[in-house]
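> Fold the following for me, if possible:
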Amino acid sequence: MTETRLRKAVFTAFLLPALALLTLSGCGTKDKAGEPKSEPKAVAEKKGEKKEADDGWWCKEHGVPEHDCAQCDAKVAAEYKKKGDWCKEHDRPESQCFICNPKRAEKFAAAYKAKYGKEPPPLPPEEKGEKK
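Purely as a prediction, here's the structure:
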């Protein structure tokens, strides 16, 4: 046999079946039927947490009622922009820009207190113009 034929024979006899086996077996494991799928750790931990009293009414990330949060809802943002209530520097309604005027947060905190009888969750530092 010539050297070229020998290489082809080795390739055909060993490498092709090995590649086929690797391709058919896949890299990961398949889900087993009947077993519950595991959840990511963060999701599993969140399910075990006590439910907050605000029931989704309050946007904890931005410190305003969820239905009024222009940073979470593009439609709400468009309404504020249409009214001319927009802080271009911080990309949020001027009336909700706690970075330009931290006292604006008091209005929303008062609404939270009136509804739940307690202080709202603290704002993340970046919402107050602070660095993390």
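
> For Cys59, what are phi and psi?
According to degrees, to the nearest 10, the main-chain angles of Cys59 amount to phi -90, psi 100.

> Pairing partners for it in the sheet, please.
Beta bridges link Cys59 to Val64 when assigned by DSSP bridges.

> Please verify my assumption that it contacts Glu66.
Yes. Assessed by CB atoms under 8 Å, Cys59 is found in contact with Glu66 at 4.7 Å. Using the backbone N, CA and C atoms, a C-beta is placed for each residue, glycine as well.

> Next, show the common contact partners of the two.
Counting by CB atoms under 8 Å, 6 or more residues apart in numbering, the residues touching both Cys59 and Glu66 are Cys72.

> give me the number of residues near Gly63?
Per other CB atoms under 10 Å, the neighbour tally for Gly63 reads 22.

> neighbour count winner among Cys59 and Glu66?
Neighbour totals were compared for Cys59 and Glu66, and Cys59 leads with 22 against 17 (other CB under 10 Å).

> What distance do you get for the more buried one to Glu79?
Using CB to CB, to the nearest Å, one gets 16 Å for the distance from Cys59 to Glu79.

> Then Phe98?
Distance from Phe98 to Glu79, by CB to CB: 19 Å.

> between the two, who's got more neighbours?
Taking neighbours as other CB under 10 Å, Phe98 and Glu79 compare with Phe98 leading, 20 against 14.

> The closest residue to that one other than its chain neighbours: helix or strand, and which one exactly?
Excluding its sequence neighbours, the residue lying closest to Phe98 (CB to CB, 6 or more residues apart in numbering) is Ala105, at 4.5 Å. Assigned by DSSP states H and E, Ala105 falls within helix 104-116.

> Other residues contacting that helix?
Residues from elsewhere that reach helix 104-116 (CB under 8 Å, 6+ apart): 53-54, 57-58, 63-65, 95-98, 118-120, 123, 128.
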